[in-house]
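**Q** Output the structure for:
(one chain, ligands or ions: 1)
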Amino acid sequence: MPAAALSPEVLAKYEPVIGLEVHVQLLTATKAFCSCANRFGSAPNTNICPVCLGLPGALPVLNENAVEFAVRASLALHCEVRERSIFARKNYFYPDLPKGYQISQFDKPLAEHGWIEVPTADGGTKRIGITRLHMEEDAGKSLHDGFADSATRTYLDLNRCGTPLIEIVSEPDIRTPDEAFEYLTRLKEILLYTAVSDCNMEEGSLRCDANVSVRPRGQEKFGTKAEVKNVNSFKFIRAALEYEIERQVEVVEAGGRVEQETRLWNAHEGRTYSMRSKEQAHDYRYFPEPDLPPLVVSDEFIDGVRAELPELPEARRARYMRDYQLSAEQARDLTADRGLAEKFEAGIKEICDQKSSKDEDIGKFAKKYADIMLNEEVSRLKAHGLSIAQSPISAHGNVIAVNLSINQTTSSKQVKLIYDMSFAEGKDYEVIYEREKPQQITDTAALEKMIDEVIAANPKQLEQYRGGKKTVAGFFVGQVMRASKGQANPALLNELVTRKLDG
Ligand SMILES: [Zn+2]
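**A** Below is the predicted model:
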């Protein structure tokens, strides 16, 4: 039953305990144990071979690239990488798993003891532990919909069989649905920065299961957990957790017992449904994979991967706030996407090269640059549904906009107009600027002539001003600005209007 009736007081008596299991497809060119293409969207059952189908006699060969990606993700998540990890067979039957088992890792996973830091509501940070990160392979896909005879048949697409995965299991350190949302957001950022996955949830590259239980506050022992599966966005995970916490509290409050089970999230109804009782590890009859030797990762290999790690979002955020005095919000927005952060830095580098100037100039430039990128470029990218790579504006184009804006050659209104035209026509800032050459009128004589004309045409307002109603000055400024088609330099115009009116 939807548990909308629970009061905040009842909910406050219980503490949720949440752990997350995230499966991530690695962006390798080929599959984990064979040379089939690892590609989404191919015609069904075209990227398959005896190895990924598990035909008798076929033998798996581990893809070194997959190991490299898994180690890279492990290091970025502060995990300790095990020198010698063991592949294991996880046995179960499912139509989309022709081998009858999945190659995974069990008691000796690739990496353990990592963490992710998440922001808390009070402005601090909290460390969420990562229990383990292990390598495994994906299964195929059952297609239940979209065919003429879907009512009576299920189709199988085995292209996904053998796609390399990492599974990242968190400690049960998460206490609220918001923390779960933050953890997933940070995790995805890190995986995107390290380029081990495209993390596309719609295509299933990143999938999340949540374990959730509730316990009376003050009690140490965990309650019985339910696993929520089939959630395909972070927002839905938060909603599913909120629903599930209320449901479990209601069960306990009514004197019942929470069942250990797997539940499915139904986004249309906004609730979870019981799917099956949860398997235990022993149900899978894990045993060491006899066709693969232990995976040995040398210190040298790990050091090589570590040396190539990019600067991660958290470190970059701190640096932007320290070196460029950006606000926490600006730093967060600029680092949310690695491409965006790199474009920002390309602009900073260009200005440093140009100016070889003092730190305070760089600071002033960086702040303006962040403003213009976020308010003009990024907001329009969002509105047009474009990625940073698809932007019509280059880093150099942004630099020009910032420079023209800092030395007041273009007004903020003109900047907005040029960005509008750039996006409408798909042309860079410089192209539009050179064509339009929006000029500011800074010629005192020309402005004075326009002011005189406006004053002569509005004797009533002049009388009001001279009678003491000083706010009427704004009326004259507006009239002259309109007459100049928005090109009058605002500071100069204000000064001249006041001088004329008082004169
Ligand atoms: Zn294959």
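
**Q** so His306 sits right up against Leu75, yeah?
**A** If you look again at residue 306, you'll see it is Arg, not His. Yes: using C-beta atoms under 8 Å, Arg306 makes contact with Leu75 at a distance of 5.5 Å. Quick note: C-beta positions are derived from backbone N, CA and C, even for glycine.

**Q** More neighbours: which of these two?
**A** Leu75 (20 against 13; other C-beta atoms under 10 Å).

**Q** Could I get the pLDDT score of the more buried one?
**A** Note on Leu75: pLDDT of 97.

**Q** ok, now which ones touch it?
**A** 81, 302, 305-306, 309 (C-beta atoms under 8 Å, 6 or more residues apart in numbering).

**Q** Ala239 now?
**A** Residues in contact with Ala239 (C-beta under 8 Å, 6+ apart) are 177, 265, 270.

**Q** Run through who's touching stretch 112-126.
**A** By C-beta under 8 Å, 6+ apart, stretch 112-126 touches 74, 77-80, 82, 127-133, 170, 173, 178-179, 182-183, 186-187, 190, 314.

**Q** From these, which land in helices?
**A** 74, 178-179, 182-183, 186-187, 190, 314 (DSSP state H).

**Q** Quick check on the contacts of Ala239: which are buried?
**A** Buried subset of those (neighbour count, 16 or more other C-beta atoms under 10 Å): 177, 265.

**Q** would you turn the contacts of Ala239 into TSV with pLDDT?
**A** Below are the contacts of Ala239 laid out as TSV (pLDDT from 0 to 100):
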residue	pLDDT
Pro177	92
Trp265	89
Gly270	86
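
**Q** what's the closest of the contacts of Ala239 to the ion?
**A** Taking C-beta to the ion as the measure, Trp265 is the one of the contacts of Ala239 closest to the ion, at 31.9 Å.

**Q** what bridges to the closest one?
**A** Thr272 (DSSP bridges).

**Q** Settle this for me: it is touching Met275, isn't it.
**A** No: using C-beta under 8 Å, Trp265 is not in contact with Met275; the gap is 10.2 Å.

**Q** Identify the contacts common to the two.
**A** Lys229.

**Q** what about the residue in the stretch 251-400 of the chain that the ion sits nearest to, is that helix, strand or coil?
**A** Of all residues in the stretch 251-400 of the chain, Asp291 sits closest to the ion, at 14.2 Å by C-beta to the ion. Classification of Asp291 using DSSP: H, G, I helix; E, B strand; the rest coil returns coil.

**Q** if I pick it, what's in contact with it?
**A** 59-60.

**Q** rerun at 10 Å
**A** For Asp291, the contact set (C-beta atoms under 10 Å, 6 or more residues apart in numbering) comprises 33, 51, 58-61, 87, 89, 103.

**Q** What about the residues you listed, which one has the most neighbours?
**A** That'd be Phe87 among those, by other C-beta under 10 Å, with 26 neighbours.

**Q** Longest helix in this structure, please.
**A** Every helix in the chain considered (DSSP H), the longest is helix 234-253.

**Q** Extract the CA atoms of that one and return them as CSV.
**A** Below are the C-alpha coordinates for helix 234-253, written out as CSV (Å, rounded to 0.1, in the frame of the first residue of the first chain):
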residue,chain,number,x,y,z
PHE,A,234,18.9,8.8,-10.1
LYS,A,235,15.7,10.7,-9.5
PHE,A,236,13.7,7.5,-9.6
ILE,A,237,16.1,5.9,-7.2
ARG,A,238,15.5,8.7,-4.7
ALA,A,239,11.8,8.3,-5.2
ALA,A,240,11.9,4.5,-4.9
LEU,A,241,14.0,4.8,-1.6
GLU,A,242,11.5,7.3,-0.2
TYR,A,243,8.6,5.0,-1.0
GLU,A,244,10.4,1.9,0.3
ILE,A,245,11.4,3.6,3.6
GLU,A,246,7.8,4.6,4.2
ARG,A,247,6.5,1.1,3.3
GLN,A,248,8.9,-0.6,5.7
VAL,A,249,8.2,1.8,8.5
GLU,A,250,4.5,1.1,8.0
VAL,A,251,5.0,-2.7,8.1
VAL,A,252,7.1,-2.4,11.3
GLU,A,253,4.7,0.0,13.0
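
**Q** Fine by me, thanks again.
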